[in-house]
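1. Quick one: sequence and predicted model below, then my questions.
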There are 2 protein chains.
Amino acid sequence: VLGLDPDPAALWPTDRRSAGKAGAPGALTPAQAAAGAVLEHCRALIDATAGACVAVKPQLARFELLGGAGWTALETLIGYARGLGLLVIADGKRGDIDVSARAYAGAMGAGADTPFGRLDGLGAELVTVNPLLGRDALEPFVSAARAQRSGVLVLVRTSNAGAADVQDLRLADGERVWERIAELVDELGAGGIGDAGLSDVGAVVGATEPAHLGRARELMPNATFLLPGVGAQGGRVEELAAAFAPGRAGGLVAASRSIAGAYMMRGGDPADAALAEAERLRESTWQLSDRALHAA
Amino acid sequence: VLGLDPDPAALWPTDRRSAGKAGAPGALTPAQAAAGAVLEHCRALIDATAGACVAVKPQLARFELLGGAGWTALETLIGYARGLGLLVIADGKRGDIDVSARAYAGAMGAGADTPFGRLDGLGAELVTVNPLLGRDALEPFVSAARAQRSGVLVLVRTSNAGAADVQDLRLADGERVWERIAELVDELGAGGIGDAGLSDVGAVVGATEPAHLGRARELMPNATFLLPGVGAQGGRVEELAAAFAPGRAGGLVAASRSIAGAYMMRGGDPADAALAEAERLRESTWQLSDRALHAA
């Protein structure tokens, strides 16, 4: 999974040259100029690596920072990725009470009907959601996804160090908070298990703590795992074997900065370096899942 | 606090008449038409009730559902509210790892510098944030707010029934998860306590479970409490006394649908009914906080 996490100060060099029109007479606002350059950068990144990826995962924070122009760029970018046959994972980690969760689900996914006509959503096939508000805040996302034959990825154990502060707290019965969330994910997904044995409610399990993966897989045998944190955050594909137990699509390995920034490590053209890094991750991931498939 | 939670299918009648241009030749898209009507509705709601409110709290989900046009309408609406001297609470409940949290903090608040120029953020003085990812995911919001002399409102115990699923879990040491989060809020706020004794890290504590308020106040003596859930969700101002212990600004009572929809209960003009309901809530809230102040 190609993470799209564009820092306006670290776009590929070509984009920095072609943008920067803000401030000239009759010019774009800084947000419009930045949004245009971010869009161009992300398109180039997709063009370079699409052959090695199954999906793109835009980090919504980066686009929101660009305001209305950023949201419009995100809409365009998602259309572009879908046009190339890539799945789209809207990484917004939303979570809110029922009525707001329904609005978020429409915004990220298939839109909504209104007296003004049909609103298009972002059209993402998968959305990341935050389970702190509990089951009734997750159900609107699951219902919306199930109606579209798409899916939801619930944060279970995230990739950052601070994840330990709340998610790893030990409960009175000996479980950790994240394990209880994993059980909730398994329950919510029970009504949406497809022919391949995978449910439409998946889990985000950080690649930075591989020790958790075996237990997570035990608690969520039918969930697709999104595994962020490979590369820049320190996770290594080779340590993720436990995630792939049920077969090839059981795990989605996501990397953002390590692909976009590969040229700074490897040298050479940004697009060539990004493809090489994406191919390396793809190859490692397939080897893992092949091994899991044959062991099963 | 006036919650702005506009359902495009339940705008005030005048707005429904003046909008609805989608579909005509050379017309707006449904999203643009809906965004225009939502903006008009929210402005009318603010005009009607500004005298009884200290802040507006836009629910970001509603605006995101309208896409780029919705985000632009949100920017306009926030500018309008600030122009009237109202504080703005961006209710987005964001939570993500450090680099993404920084982008969200800029998006909701004061923007960011980029090679393309200075990006404006939404300019909200307060943002709601989700603590599931722990301390390192909250700190970028706190740092950004502290630099601007603004603040952060951390979800501690939300107003929905499902809040019990995760937030009320009992830990091995006897505390509940939300109490541990409350302690984290108190720690994060310790570096930002102002002359009035209130810190810049506040808490969202649902008005629907008043039994929790006393304990929450004990754990977070310096936090401003945002108290959503009054009205449509079943909370009553009269039951919130414990929130106001440290003085008048210790509690912010938020209502959305019960103000915008007051005319459906009371009859008459939507604006008059909204003002009457907002005044009733304001009066009840001041009585509570006066009582707390004199008891202190």
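-> Thanks, I have it.

2. Now do stretch A:282-292: distance to the chain's middle.
-> Centroid displacement of stretch A:282-292 relative to its chain, using C-alpha atoms, centre = their mean, to the nearest Å, is 20 Å.

3. where does chain A have low pLDDT?
-> A:14-26, A:246-249, A:295-296 (pLDDT under 70).

4. again, only this time at 50
-> A:15-17, A:19-20 (pLDDT under 50).

5. Now do the strands in it.
-> Along chain A, counting by DSSP state E, strands occupy A:2-4, A:55-58, A:87-94, A:112-114, A:117-119, A:126-129, A:151-157, A:201-205, A:225-227, A:251-253.

6. right, so of the ones you listed, which gets closest to chain B?
-> When these are compared by C-beta to the nearest C-beta, strand A:117-119 sits nearest chain B, at 3.0 Å. Heads up, the C-betas are built off the backbone N, CA and C, glycines and all.

7. so what's the one residue sitting closest to the centre of chain A up against?
-> For chain A, A:Lys57 is the residue whose C-alpha lies nearest the centre (C-alpha atoms, centre = their mean; 4.0 Å). By C-beta atoms under 8 Å, 6 or more residues apart in numbering or on different chains, the residues touching A:Lys57 are A:Val1, A:Leu2, A:Gly3, A:Leu4, A:Val88, A:Ile89, A:Ala90, A:Asp91, A:Leu226, A:Pro228, A:Ala254, A:Ser256.

8. isn't A:Ala164 right next to B:Gly134, touching?
-> Yes: using C-beta atoms under 8 Å, A:Ala164 is in contact with B:Gly134, at 6.6 Å.

9. out of those two, which sits in the busier spot?
-> B:Gly134 (22 against 17; other C-beta atoms under 10 Å in any protein chain shown).

10. Which residue, other than its chain neighbours, is closest to the more buried one?
-> A:Gly162 (2.8 Å; C-beta to C-beta, 6 or more residues apart in numbering or on different chains).

11. Same question for A:Glu64.
-> B:Ala107 (3.9 Å).

12. Distance check, that neighbour against B:Thr208.
-> Counting by C-beta to C-beta, to the nearest Å, the separation of B:Ala107 from B:Thr208 is 29 Å.

13. Looking at those two, which has the bigger crowd around it?
-> Using other C-beta under 10 Å as the criterion, B:Ala107 and B:Thr208 rank with B:Ala107 on top: 30 against 21.

14. Just read off the phi/psi values of whatever residue of the stretch 151-296 of chain A ends up closest to chain B.
-> At 2.8 Å from chain B, A:Gly162 is the closest residue in the stretch 151-296 of chain A, using C-beta to the nearest C-beta. Taking degrees, to the nearest 10, you get phi -70, psi -10 for the backbone angles of A:Gly162.

15. Can you name the residues that contact it?
-> B:Leu133, B:Gly134, B:Arg135, B:Asp136, B:Ala137, B:Leu138.

16. let's see 10 Å
-> B:97-98, B:101, B:131-139, B:184 (C-beta atoms under 10 Å, 6 or more residues apart in numbering or on different chains).

17. still on that earlier bit, find the nearest non-adjacent residue to the residue nearest to the centre of chain A, please.
-> Nearest non-adjacent residue to A:Lys57 (C-beta to C-beta, 6+ apart): A:Ile89, at 4.1 Å.

18. Is that neighbour bridged to anything, and to what?
-> Here A:Ile89 sits in beta bridges with A:Leu126, going by DSSP bridges.

19. Tell me how far A:Ala73 lies from chain B.
-> Distance from A:Ala73 to chain B, counting by C-beta to the nearest C-beta, to the nearest Å: 8 Å.

20. Share the number of residues neighbouring that residue, please.
-> For A:Ala73, using other C-beta under 10 Å, the count is 26.

21. residue contacts, it?
-> A:6, A:31-32, A:34-40, A:42, A:58, A:62-63, A:66, B:68.

22. Show me just the buried residues among the residues you listed.
-> A:6, A:31-32, A:34-40, A:42, A:58, A:62-63, A:66, B:68 (16 or more other C-beta atoms under 10 Å in any protein chain shown).

23. What is the most widely separated pair among those residues?
-> Maximum pairwise distance among those (C-beta to C-beta): 18.4 Å, between A:Gln32 and A:Pro58.

24. sorry, back to before: between the contacts of A:Lys57, which is closest to A:Leu275?
-> Distances from A:Leu275 to the contacts of A:Lys57, taken by C-beta to C-beta, are shortest for A:Leu2, at 10.7 Å.

25. For the closest one, the count of nearby residues, please.
-> 28.

26. That one contacts A:Gln59, correct?
-> No: assessed by C-beta atoms under 10 Å, A:Leu2 is found out of contact with A:Gln59, at 11.4 Å.

27. The closest residue to A:Leu4 other than its chain neighbours and A:Thr72: what is the separation?
-> Nearest non-adjacent residue to A:Leu4, counting by C-beta to C-beta, 6+ apart: A:Pro58, 4.3 Å away. Taking C-beta to C-beta as the measure, A:Pro58 and A:Thr72 are separated by 13 Å.

28. Then A:Gln32?
-> Taking C-beta to C-beta, one finds A:Gln32 at 9 Å from A:Thr72.

29. so what sits against both of those two?
-> A:Leu66.

30. ranges for the helices of chain A?
-> Using DSSP state H, the helices of chain A run over A:13-18, A:30-49, A:60-64, A:67-83, A:98-108, A:135-147, A:163-166, A:177-189, A:213-219, A:257-260, A:262-266, A:270-295.

31. List the buried residues in the last one.
-> When neighbours are counted by 16+ other C-beta under 10 Å, the buried residues of helix A:270-295 are found to be A:270-271, A:273-278, A:280-282, A:284-285, A:288-289, A:292.

32. what does the stretch 151-296 of chain A have sitting close to chain B?
-> For the stretch 151-296 of chain A, the residues in contact with chain B (C-beta under 10 Å from any C-beta of the partner chain) are A:155, A:158-178, A:180-181, A:184, A:206, A:228-229, A:232-233, A:256-257.

33. now with 8 Å?
-> Taking C-beta under 8 Å from any C-beta of the partner chain as the test, the list of the stretch 151-296 of chain A residues beside chain B reads A:155, A:158-167, A:169-172, A:174, A:177, A:180-181, A:184, A:233.

34. Could you pick out the buried ones from these?
-> So, by 16+ other C-beta under 10 Å, the buried ones in these are A:155, A:158-167, A:169, A:171, A:177, A:180-181, A:184, A:233.

35. out of the contacts of A:Gly162, who's nearest A:Gly191?
-> B:Leu132 (24.3 Å).

36. out of everything not next to it in sequence, what's closest to the closest one?
-> A:Leu132 (4.5 Å).

37. residue contacts, that neighbour?
-> A:Gly95, B:Gly95, B:Asn130, B:Pro131, B:Leu132, B:Leu155, B:Thr158, B:Val166, B:Gln167.

38. Of those, which is the nearest to A:Arg146?
-> A:Gly95 (18.2 Å).

39. Count the neighbours of the nearest residue to the closest one once chain neighbours are set aside for me.
-> Spatial nearest neighbour of A:Gly95, excluding adjacent residues (C-beta to C-beta, 6+ apart): A:Asn130 at 3.3 Å. A count of nearby residues for A:Asn130, using other C-beta under 10 Å, gives 25.
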